[in-house]
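Asker: turn this into a model:
(2 chains)
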Amino acid sequence: MKREALVHRRCLIDWGAKQAEAVLLSGDLTVACEADGFRDTYPDRFMTVGLAEQNMMSFAAGMAREGLVPLVHTFAVFMYRRALDQVEMSIAYGDMPVRMFGFLPGVTTPGGPSHQATNDLAVMRSLPNMTVVEVGDATDIEGLYDLSREVPGPIYFRMLRGEVPRLFPNNEAMKLNHARTLSEGDDIALLTTGVCTEEALRVTDFLRKAGVGVKHLHVSTLKPFTDPKVLEAIGSAGKGVITMENHNALGGLGTCVAELMAEHGIGRRLVKISTGDRYLQGANQGWLMENYGISAPALVQSIETLVNDDLGFSEDQIIDARDSDFAADNQLEAL
Amino acid sequence: MSNERRSNWLRECQRIADAIRRRALTHTVVHGGYLSQACSSAEVFGLLYGHQMKLGPSQGPKVPPLYEGWKESGDDRVAGMVYNGGRAAETDRFFLSPTHYALVLYCALIETGRLDEGALDQFNTDGSRMEMIGGERSPGVEVNGGSFGQAISQAAGVAWARRNQGDAGRVFAFLGDGELQEGQTWEAVMSIADMKLDNMTVFVDVNRMQCDGLTETVVGMEPLDEKFRAFGWEARKVDGHDIGAMNDACAETRSGKPLVVLAYTTPYHGIPLLEKRFPNLHYVRFKSEDERAEYKEAAETMNATR
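Answerer: The predicted structure follows:
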């Protein structure tokens, strides 16, 4: 998998050039959230408010009331957990055009539960007026500016940093509320988001060869969740539906899909692959994915359950396929 | 106290501090890491674990068992606090707020016989409870602190409960100066004074550094001692590398008031090589093999002259 470094850092500098009203706020994690390029290029439009996230969220809302577009950067946990009331009452309730960039989703950091955002999609999705978007690759990250221009209210971006994969063609930008179709098939509808899309792609070739028809969609917009493509894929899945996400079992992509299925009366089996109803621990991404159940073998197993067949993959084949080149985040500065 | 006794424990605390730096540097040469935190806080940890805190013997295995995460429940859980002696009416308790200092704490536990030195091999490895950012199952860690400003409030709750049940033991909390920017810290500071929790002692590592650089360029906070005094605390500003002075700061009577020791430190104290990277010291990742070699040489010199 081709990987590129510091994509968001580069995009932020472009963002600043394109949008004069954009200002950037950082909670003492400027380099850690790749905001240092913006800081150095537009020092007058950058402020670090220190370790004071509650203040930062309400402060950003105040700036937005004056016509600015605050790009707020910190780790996701310090937004949706630490400063949730401020996000709700200062930003979401007033429908302020604040863009929140939350880093370190779930398994992407060895920093332990204090740093791992494992239920941010559930929380942010439940806020009225909030748009929720998760990136899965470099092309997704490059699409954030255009997407942002379409949304008048607040947006929560679930971000990746450091070395990110390039999974999608760079001329096919992410679109709001549009899933990407990655493969066609009518046995299984597979919906993945974030780093799980890359993980699923490691085995979808195998599955094709084994004769399982998988319609694979990469979902980046978690709210709104009204893409007709998604509904259609679920409705035509002969053997069942699988969701796979780097998130807690409750309230993320799996829940979005379950709600949609119930609301439309689609009677299919749904397997939700998630990190479960539990906190993670401090370890590397590959290990966490394996041990908390969101790795490629877990996907193959779920498919075998749904098609009621042993697909005949040896464990070695799967392990080889998922031999990961994830950047070990403990090599990155700043947690 | 006789001069000789004083010099004995002082020597022991300094020995612990020196060993913390040496171990942290040796580890960093191989893995990179939070080295400046060891430089700034080694004497504070030396004093706390070597003399000031009255801790019972460790009840934890010297080489910690693997961390089973969510699978551990109830009695299976090996709480980090057992390495500080667990709960007893007469003994003190320790709360580490910036759990990014976990490596420093683990080294202090090794130097006081609470952990085997081989345990450090597990540091920040998959499936180990020797986490890089310690959690409450990590040796010596009682609460999850890494989200700043929460440990002092939790420690205050413990201090209130202990006073209520008549415990003689005290409650120590260790904070970084960056987290004095968090609102919750000052909510805690205000209520601790209001409740007259004089069984609480807070040490702040005022190394004047945070992730983005110098605290004064991020959000200036001085004068810290006056802020604490205005909130009703006994505040002592001391050289955080002077173990005797910090100990004296703890000794004076202060009936009815919580105590904060503002330990002013240098983030490259004892490892002058680190000064070259100033002020980007939050996490040391070597930019070249040459740089790593320089640190390796410094570590070898340090290990040879111990």
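Asker: I figured residue B:146 hits residue B:136, correct?
Answerer: No: in this structure, residue B:146 is not within contact of residue B:136 by CB atoms under 8 Å, at 10.6 Å. For every residue, glycine as well, the C-beta is placed using N, CA and C.
Asker: okay, these two: which has more neighbours?
Answerer: Set residue B:146 next to residue B:136 and count neighbours by other CB atoms under 10 Å in any protein chain shown: residue B:146 wins out with 26 against 17.
Asker: tell me who's in contact with the more buried one.
Answerer: Contacts here follow CB atoms under 8 Å, 6 or more residues apart in numbering or on different chains; on that basis residue B:146 touches A:111, A:112, A:114, A:115, B:98, B:99, B:100, B:133, B:134, B:135.
Asker: quick one: the helices in the stretch 1-150 of chain B?
Answerer: Counting by DSSP state H, counting those that start in this stretch, the stretch 1-150 of chain B has helices at residues B:3-31, B:36-47, B:102-111, B:150-164.
Asker: mean pLDDT, distance to residue A:202 and mean neighbour count for the ones you listed - can I get that in CSV?
Answerer: What follows is these, written out as CSV (pLDDT from 0 to 100; distance: least, CB to CB, whole Å; neighbours: other CB atoms under 10 Å in any protein chain shown):
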stretch, mean pLDDT, distance to residue A:202, mean neighbour count
helix B:3-31, 93, 28, 18
helix B:36-47, 98, 38, 28
helix B:102-111, 98, 33, 27
helix B:150-164, 96, 38, 20
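Asker: can you redo these as a markdown table with distance to chain A?
Answerer: Supplementary listing: the helices of the stretch 1-150 of chain B in a markdown table, determined by distance: least, CB to the nearest CB, whole Å:
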| stretch | distance to chain A |
| --- | --- |
| helix B:3-31 | 8 |
| helix B:36-47 | 12 |
| helix B:102-111 | 9 |
| helix B:150-164 | 9 |
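Asker: please enumerate the helices of the stretch 151-300 of chain B.
Answerer: Assignment of helices within the stretch 151-300 of chain B using DSSP H, counting those that start in this stretch yields the ranges B:183-194, B:215-218, B:224-230, B:243-251, B:289-304.
Asker: tell me what angle the longest one forms with helix B:3-31.
Answerer: With axes from the mean of the first three to the mean of the last three CA atoms, to 10 degrees applied, the angle from helix B:289-304 to helix B:3-31 works out at 150 degrees.
Asker: show me what from the stretch 51-200 of chain B comes close to chain A.
Answerer: Proximity of the stretch 51-200 of chain B to chain A (CB under 8 Å from any CB of the partner chain) is limited to residues B:67, B:69-70, B:99-100, B:124-128, B:131-135, B:144-149, B:178-179, B:181-183.
Asker: near chain B, which residues of the stretch 101-250 of chain A are found?
Answerer: Residues of the stretch 101-250 of chain A that fall close to chain B, judged by CB under 8 Å from any CB: A:110, A:111, A:112, A:113, A:114, A:115.
Asker: among those, which one is most surrounded by other residues?
Answerer: Within these, neighbour counts (other CB under 10 Å) peak at residue A:110, which reaches 28 neighbours.
Asker: so that one makes contact with residue B:124?
Answerer: Yes: in this structure, residue A:110 is within contact of residue B:124 by CB under 8 Å, at 6.6 Å.
Asker: for chain A, what is the nearest residue in chain B?
Answerer: With CB to the nearest CB as the measure, the residue in chain B that lies nearest chain A is residue B:146; the distance is 3.1 Å.
Asker: and that residue, how far from residue B:129?
Answerer: As defined by CB to CB, to the nearest Å, residue B:146 lies at a distance of 15 Å from residue B:129.
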